[in-house]
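*Asks:* structure here, sequence nowhere to be found:
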């Protein structure tokens, strides 16, 4: 059984570059895989391995400037969710493209999972899902507004075009683990919205703590690893991944005429050229050969 750790923390690194190499070396020494992003604004990522290795990495991150109170969310996976370890330097740990947004300065009101149902049931509250359209498609909270964004960077423009819909409403926002809401709530506060709330720990914490019989969550939650989705109790969901477009599929989608393993699905078959598909077929061929040899192809999940 593998422990999966989802984490993020906003802090102001004076220079995040020197953090990269020691963190990568420690992860590799403990057999940890996954991806961690480092930027001037903090750290974000998901990693997996045995519990002792995860604990060692978390302990190291907590020694970094401003990270002593780092929180993280644990779940489990039967098979390795990742096949290699990456520590990347980025401009933002979650890309919104708004240089004035600063979650360290202020964010919306945190709402514990146990209190979330009451908040989103109130008539004067508008609930907004800040995730991408393909994530929302497989699960969301009852009655939540779907901005239908392709990326988080589209959220500010969506808000500007739709803010009139939420006049005199309290705004409650949620995302997978909470990181996007740190920025989106700060952004709304900067736009003059007074009552802004967000789900502490995100959907993952809600699915972990709120009993299914009391839940207002409908469907599964997309996760950015080989599990593809999780449900209540953070149990692995039924979804698989289209390796061409990285969107989630249900197993029956394999029967669609547009589905070709590693090449296309019904969602992306018209989005790529014949040259793209030929390249994807070659990649899939190499992945299949690598699997037959008992090795892992770098193009795999």
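*Replies:* Received it, and whenever you're ready, just let me know what you need. Everything numeric here is computed off the predicted structure, so don't read it as measured data.
*Asks:* what ranges do the strands span in the stretch 101-250 of the chain?
*Replies:* Using DSSP state E, counting those that start in this stretch, the strands of the stretch 101-250 of the chain run over 109-111, 125-129, 139-141, 170-174, 196-199, 217-219, 221-222, 229-230, 240-241, 248-249.
*Asks:* and those: which comes nearest residue 259?
*Replies:* Nearest to residue 259 among the strands of the stretch 101-250 of the chain is strand 248-249 (7.8 Å), distances taken as Cβ to Cβ. In this view, the C-beta of every residue, glycine as well, is placed from N, C-alpha and C.
*Asks:* buried set for whichever helix or strand comes after that closest one?
*Replies:* Sequence-wise, the next helix or strand downstream of strand 248-249 (DSSP states H and E) is helix 274-293. Neighbour-count burial for helix 274-293 flags 277, 280, 283-284, 287 (criterion: 16 or more other Cβ atoms under 10 Å).
*Asks:* residue ranges with poor pLDDT in the stretch 201-301 of the chain?
*Replies:* 295-301 (pLDDT under 70).
*Asks:* and the contacts of the helix or strand in which residue 48 is found?
*Replies:* Applying DSSP H and E as the criterion places residue 48 in strand 42-49. If you take Cβ atoms under 8 Å, 6 or more residues apart in numbering as the criterion, strand 42-49 is touched by 2-13, 27, 30-37, 54, 57, 61, 64, 66-67, 70, 77, 80-82, 85, 93-94, 179, 223-225.
*Asks:* please identify the pairing partners of it and their relative orientation?
*Replies:* Sheet neighbours of strand 42-49, with direction, are listed as strand 2-10 (antiparallel), strand 33-39 (antiparallel) (DSSP bridges).
*Asks:* residue 205 contacts residue 113, doesn't it?
*Replies:* Yes. Counting by Cβ atoms under 8 Å, residue 205 touches residue 113, with 5.3 Å between them.
*Asks:* give me the common contacts of the two.
*Replies:* Common neighbours of residue 205 and residue 113, counting by Cβ under 8 Å, 6+ apart, are residue 199.
*Asks:* show me what contacts residue 258?
*Replies:* By Cβ under 8 Å, 6+ apart, the contact list for residue 258 reads 264-266, 269.
*Asks:* what two of the buried residues of helix 274-293 are the furthest from one another?
*Replies:* Using Cβ to Cβ, the pair of the buried residues of helix 274-293 lying farthest apart is 277 and 287, separated by 15.2 Å.
*Asks:* for the strand holding residue 48, what is the distance to the chain centroid?
*Replies:* 11 Å (Cα atoms, centre = their mean, to the nearest Å).
*Asks:* tell me the angle of whichever helix or strand comes after that strand relative to strand 33-39?
*Replies:* Later in the chain than strand 42-49, the nearest helix or strand by DSSP H and E is helix 51-61. Compare the direction of helix 51-61 with that of strand 33-39 by axes from the mean of the first three to the mean of the last three Cα atoms, to 10 degrees and you get 10 degrees.
*Asks:* how close does residue 10 sit to residue 275?
*Replies:* To residue 275, residue 10 is 41 Å away according to Cβ to Cβ, to the nearest Å.
*Asks:* hang on, the earlier thing: from the buried residues of helix 274-293, pick the one nearest residue 196.
*Replies:* Using Cβ to Cβ, the buried residues of helix 274-293 come closest to residue 196 at residue 280, 41.9 Å.
*Asks:* contacts only, for the closest one.
*Replies:* Residue 280 makes contact with 243-244, 262-264, 272, according to Cβ under 8 Å, 6+ apart.
*Asks:* can you select the buried ones among those residues for me in PyMOL?
*Replies:* Here is the PyMOL command that selects the buried residues among the contacts of residue 280 (16+ other Cβ under 10 Å):
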select buried, resi 243+244+262+263+264+272
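*Asks:* would you format the contacts of residue 280 as JSON lines with distance to residue 252 included?
*Replies:* What follows is the contacts of residue 280, written out as JSON lines (distance: Cβ to Cβ, whole Å):
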{"residue": "243", "distance to residue 252": "18"}
{"residue": "244", "distance to residue 252": "18"}
{"residue": "262", "distance to residue 252": "18"}
{"residue": "263", "distance to residue 252": "18"}
{"residue": "264", "distance to residue 252": "16"}
{"residue": "272", "distance to residue 252": "22"}
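*Asks:* quick check, nearest of the contacts of residue 280 to residue 145?
*Replies:* Nearest to residue 145 out of the contacts of residue 280 is residue 244 (Cβ to Cβ; 29.2 Å).
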